[in-house]
Every structure is written in structure tokens, then in C-alpha cells.
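Undergrad: the following block contains a protein sequence and its predicted model.
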Amino acid sequence: MRPAVWAPKTSQVRAVLGDGGRIQELAPDPARPGWWQLDADLTPGTRYGYLLDDSDTPVPDPRSQRLPDGVHGLTEVYDDTAHRWQDGSWAGRQLPGAVIYEMHVGTFTPGAILDSAIERLDHLVSLGISHVELLPLNAVNGVWNWGYDGVAWYAVHEPYGGPDALKRFVDACHGRGLAVLLDVVYNHLGPSGNYLPNFGPYLKTGRNTWGDLVNLDGPGSEEVRRYIVDNALMWLRDFHIDGLRLDAVHALVDSSETHLLKQLAIEVAELSASVGRPLPLIAESDLNDAMLITPREQGGYGLDAQWDDDVHHVLHAMLSGERHGYYADFGSLPSLAKVFTRAFFHDGTYSSFRGRDHGKPVDTEQVPGWRFVTFLQDHDQVGNRAAGDRLPEITSPGRLKIGAVLLLSSPFTPMLWMGEEWAASTRWPFFTSHPQPELAKAVSEGRIAEFADHGWDVSAMVDPQDPAAYYDSVLNWAESETGAHAEMLELYRTLIRLRRDEPSLADPWLNTVQVDFDEDQGWLVVRRGELRVVANLAGEQRSVPVPGAVEIVLATDAASLSGSAGGSSADDASVRLAAESAAIVRVG
């Protein structure tokens, strides 16, 4: 392997080689302006770093695939061919019909590494999961972190086990029929260990919520874009990852004729055709604009799916009663009816949180529901609460089950947040382990300001730098086998099985969904083919009209039919539901 690096800002590049610190000059590459090439082959395991101009402090290679000593240490030459893949027959899994499971490797198991996560994959298989979505694995400074402070985009975080551990994990998933999605962050870089600006114009003037803007459209942006696209292709090709979740794409400021997302979609589609398996790209976006998932031939970007926060906000506000911050416009039954039939609540309507009109309508005759990833909980909606409290702490057990039924019977692609399936009691607040005291202080102060802006009680905030914030977030697997936790787990298993087996629940078209409700009485009925999803949010029993009801397929509590027997017409049937309960009913 001969190291090469793009460093157009420098007049001299030297390499520090091996433990002895031998220094060797790199020469400009005449074929690639701004690139420097080392005239020496380095064997796997060799460590090296770059000295830029007259600096005497080596920095790692921007494309390091292994950083055994962390983001400030030397690069180690990685042998990408050493792993012997066992997934030769793996054909991938399509996104339509998927059930996604979002996982943070560091808190999924007490072992906190990819190899220990393998030990729990059979649980996901028995649950009915199709895709495992990993929070970012790229190298960050410190030991534990959410992953969104990454600065070495090509390297797997060493405390998780490094690159070979990721390959073992992917192989193990594929052997069990599980696809693997990876969360990647291309909209900003973390606050510690970012040496990219020393090499070239990776950043440009301006900031988004999390840091300086990445240079996608200014001088030198062609190489920056190549750096990003090559990284995406590396995960999909060399690590056999099955798709990418693209973090906060609304923070990618790009005025180029071909937006980065479209370029990425084109090149990933080419790779997908080459390897013969689906490689979906899923965007997290705050724009409420289906242009992201509109086919390129129709003028869109051609991504496969996008997160739909509006569905989460409606369900969360309805189940919890919270109406502060960005939940202010959500929670009513009319708002649920809108998102279940039109995907976005704000589709050109006024957003009180933003103070302006927001979003665009979705053409539900052209865009199927599976292109929207929805959830009751996720790392953001739990972790960005002041105390990191999960939904079971802020709503009743009955309403929690209603939420599960509504999510998993919806026309969208559902995603579960790890532990949600058994109503895990462990909190999951924001946590960091920045070694620099000044950075730790700045992070804590920044979180306080952010919480105040969103209406949270800042006095409840967990200090991100307190080790307990991390250690207390590790899932307690023992509780999944007992009492109400085991009961919830069985409900999730049953719902996922019904979603797979019932054709009515597999229908992805929003324009076939209808929602009936009575806001005053607190009940709703979602019509899904020959099935009716019935929920009673009231604190007392309700008889909910369900014409044609003939069979209760599932109930979270006591439920009964009336009007379908005993001389009454089935057309006048109703479902008697216990307080705060739900049922799935067949009509005929």
C-alpha cells in the first residue's frame, strides 16, 4: 500500500513511518493536482502520520481505516483482505416490508463492543427484525459517545473493536438473515481530532446546528465530495453494509448543479447493480419534502426513504400529553388522521415552533408509505430529553401498547429503538467522554441552552460528561424476561408477525388508509383493508363503532364484539374496549 493524500493547502508533505519515526518526503502527483504520493510500499500493521509544511507534529491520514491509538494517533495500514467473508450467498433485503431496529453498540450490551452485540442477534431474529441500523461507528475522541462527533469518517471506532469487528458483525447478521444499515454523518465534523482543514478546503464559511459547513460547492469541493462518496461506497462495498442512513441532510448546504445527495444516489445505484443486492439510502430530513425520495427521472434526488418525524410527534404527543416545544402542534386525533393518510402534518401549513409555514404535500398516489421511516422512540427523541427518559416513564402502560399497535400496523416502515420492544426502563441521555476539560464544559453549557430553547426543564439535565450518564444507559437484558416487560415483548413479536402475515397490513399506499375518530370520546379507527385498528385513549371503557366487524385478531386488553351475533346486524357492530387499550379487528 502506497499512501497518497490530497493536501492542496501545503507546500510540503512528509510521512513519519513506523515506531522508529523515520521521515520520508511525499512527492506531488503530476496526474492529480493537489495530491501527494509516497514512493514506498507500507505493509499492513505499519503506522504512519503526515507532517504538513514545517510542522513537527504528525497527524493521521484523512482516509485512515484504522486508528488504534485514537483520532489523534498515527494511522495503521489496514489489510482489507484479511477477513474471510462467509456471506457469499447473501442477496440482501428490500426495504419494503422491513422492520428496522436502531442500535447503539456501546450501550446495547454490557460488553459494549460489536462482538458482544453478535450474542444478542438471535433475539432480533425471534422478534421479527429485518434490518439492524447502527448508530455512527466512525472514530471519535474519547471512549463513549453517540457517534455524531466523528472526525475520522473512514475508521471504525476502536473501542467498538475496530474494522475487523464490524466485518464479523455484518457476517453474523447476514448469516441470520439480517440486513445492516449504518448511520453516517456528512453534514459536520466533531469538535476534537478534526485535522481535515489542515490538508485542504474541506469546510467553508458558515455553520449549521452542529458545526462548520462542509464544502460541497466551493473551490476544491470536487475532492471533498469525492471524499464523502468514496466513504459511502467503502462501507457498502468493503464492509458489506446493506444501506446507509444519512444524518440531517437538511444541513448539507449545496448549490451545485448536481446535489451531493443525487450524486450519491447515482453512484450507490451503480454499486447496487454491480454487487447484486439492494443498497437503500435513507435520509434524515427536517424539510418535510418528498423531493428527496422522488425518482431522479422525475426531478428528485432518488433516495429510497426518509425519516418522518411528524408521525413520531403525533404519536408521542397523543400518548404522553406533552405539548411543549416542537410538540405544540401535535397530539390531536385529527393530526394523527392526517399523518396516517398524508405522511406529513406540516405540508405547507403553519408551524408554531418554527414561526412560519413548513413542508410540502406528498403525492400519495405516487409515493408509497414504506418510503417513510417512522417510530415511537429513537436515539434523538429519547436522548435529547433532559433526563433521557424513555416513553414508558412518561405515559401509561396501556397507552404504550396503543402506540405499539398503531406504529406496527401503519403503512410506513417502522423502526424500533433498542429495548423499546420490552419497554426497557433504562434511560438513555446524551453522553460524551471528551478528554479536554474545556470542551466538556462547552458541551454541557451548549446542552443547557438547547434544552431551554426547546422548553425542557434544564434542572433535570444529566451532565453528558458524568460517566454515570453512559453506564446507566446500558440495556438491562434480564428485565426483558419478567413481568410486564415480557408481556410487552410478546406484544411486539405478535404485531410484527401480523404485519408480515396479513396482506392488509402489508399494503403501503396511504391513499387506501382511512381514519375515523371521536376526539371527545377519545377513540379512533384506522381502516387497513379488511382490518380495523381500534384504539380507546379514554380512561374508561368505550364501545367503538366498527361496521362489519366479525373477529378480534389482537387485543391489548379485554375486548369484545357486539352486533355480529345474537340477531344484531354485523353492519351495526361495535368493539367494546377496556380503558386505554387497542385491538385489531377483521371485518367481513
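TA: Received, thanks.

Undergrad: need the strands for the stretch 51-200 of the chain, in chain order.
TA: 75-76, 100-103, 131-134, 138-139, 152-156, 179-184 (DSSP state E, counting those that start in this stretch).

Undergrad: which residues sit against the first one?
TA: Read that as strand 75-76. 45, 46, 47, 48, 49, 60, 61, 64, 66, 67, 68 (CB atoms under 8 Å, 6 or more residues apart in numbering). Where C-beta positions appear, they are placed from N, C-alpha and C, glycine not excepted.

Undergrad: just the mean pLDDT for it, thanks.
TA: Strand 75-76 shows a mean pLDDT of 98.

Undergrad: pLDDT weak spots in the protein?
TA: Residue ranges of the chain with pLDDT under 70: 19, 452-456, 564-570.

Undergrad: CSV for the contacts of strand 75-76, including neighbour count?
TA: Output for the contacts of strand 75-76, formatted as CSV (neighbours: other CB atoms under 10 Å):
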residue, neighbour count
45, 12
46, 17
47, 20
48, 22
49, 20
60, 27
61, 23
64, 21
66, 23
67, 26
68, 14
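
Undergrad: between those residues, which sits nearest residue 261?
TA: Checking those against residue 261 with CB to CB, the nearest one is residue 64 at 25.4 Å.

Undergrad: contacts only, for the closest one.
TA: Residue 64 is in contact with 75, 76, 139, 152, 154, 155, counting by CB under 8 Å, 6+ apart.

Undergrad: the same query, at a cut-off of 6 Å, please.
TA: Applying CB atoms under 6 Å, 6 or more residues apart in numbering to residue 64 gives the contacts 75, 152, 154, 155.

Undergrad: with residue 419 instead?
TA: Residue 419 makes contact with residue 475, according to CB under 6 Å, 6+ apart.

Undergrad: apply 7 Å and report the result again.
TA: By CB atoms under 7 Å, 6 or more residues apart in numbering, the contact list for residue 419 reads 426, 475.

Undergrad: tell me the phi and psi of it?
TA: Main-chain dihedrals, residue 419, degrees, to the nearest 10: phi 90, psi -20.

Undergrad: how near is the residue nearest to residue 326 when sequence neighbours are not counted to residue 161?
TA: For residue 326, ignoring the flanking residues on the chain, the nearest one in space by CB to CB, 6 or more residues apart in numbering is residue 353 at 4.4 Å. Here the criterion is CB to CB, to the nearest Å. By it, residue 353 lies 40 Å from residue 161.

Undergrad: just the buried residues of stretch 4-23, please?
TA: 4, 5, 6, 7, 10, 13, 14, 15, 16, 17 (16 or more other CB atoms under 10 Å).

Undergrad: residues contacting it from elsewhere in the structure, which ones?
TA: 3, 24-26, 29, 34-38, 46-53, 58, 61-62, 199-200, 220, 223.

Undergrad: kindly report the same for stretch 153-168.
TA: Stretch 153-168 is contacted by residues 63-68, 70, 78, 83, 105-106, 113-115, 118, 137-140, 143, 231, 234, 239 when judged by CB under 7 Å, 6+ apart.

Undergrad: now the buried members of those.
TA: Buried residues within the contacts of stretch 153-168, counting neighbours by 16+ other CB under 10 Å: 63-67, 70, 78, 83, 105-106, 113-115, 118, 137-140, 143, 231, 234, 239.

Undergrad: so of those residues, which ones are in helices?
TA: In helices, judged by DSSP state H, the following of the buried ones among the contacts of stretch 153-168 are found: 105, 106, 114, 115, 118, 231, 234.

Undergrad: please name whichever of the strands of the stretch 51-200 of the chain is nearest to residue 529.
TA: strand 100-103 (23.0 Å).

Undergrad: run me through the strand neighbours of the closest one, direction for each.
TA: Sheet partners assigned to strand 100-103 using DSSP bridges are listed as strand 131-134 (parallel), strand 413-417 (parallel).

Undergrad: so the longest one versus strand 179-184, what angle?
TA: Comparing the axes of strand 413-417 and strand 179-184 via axes from the mean of the first three to the mean of the last three CA atoms, to 10 degrees yields an angle of 70 degrees.

Undergrad: quick check: next helix or strand after strand 413-417?
TA: Going down the chain from strand 413-417, the next helix or strand is helix 437-454, by DSSP states H and E.

Undergrad: following element in sequence after that next one, please.
TA: Per DSSP H and E, the first helix or strand lying C-terminal to helix 437-454 is helix 467-471.

Undergrad: give the buried residues for that following helix.
TA: Of all the residues in helix 467-471, those buried under the rule 16+ other CB under 10 Å are 469, 470.

Undergrad: show residues contacting it.
TA: Residues outside helix 467-471 that contact it (CB under 7 Å, 6+ apart) are 144, 429, 431, 462, 463.

Undergrad: looking at the strands of the stretch 51-200 of the chain, which one is packed in the most?
TA: strand 138-139 (a mean of 27; mean count of other CB atoms under 10 Å).

Undergrad: so what's the gap between that strand and the chain middle?
TA: Distance of strand 138-139 from the chain centroid (CA atoms, centre = their mean, to the nearest Å) equals 16 Å.

Undergrad: so what touches it?
TA: Applying CB under 7 Å, 6+ apart, the contact partners of strand 138-139 are 67, 71, 147, 150, 151, 152, 153, 155, 157, 158.

Undergrad: where's the fifth one relative to residue 13, distance?
TA: Which is residue 151. Distance of residue 151 to residue 13, given as CB to CB: 20 Å.

Undergrad: the second one now?
TA: Here residue 71 is placed at a distance of 20 Å from residue 13 (CB to CB).

Undergrad: residue 461 now?
TA: Separation of residue 461 from residue 13 (CB to CB): 44 Å.

Undergrad: before we move on, the earlier item: give me the more crowded residue out of residue 353 and residue 161.
TA: A direct count of neighbours by other CB atoms under 10 Å for residue 353 and residue 161 places residue 161 higher, at 22 against 17.

Undergrad: can you tell me the helix or strand for residue 491?
TA: helix 483-501.

Undergrad: please apply the same query to residue 14.
TA: In this structure, residue 14 sits in strand 13-17 according to DSSP H and E.

Undergrad: what's the first helix or strand after that strand?
TA: Later in the chain than strand 13-17, the nearest helix or strand by DSSP H and E is strand 22-28.
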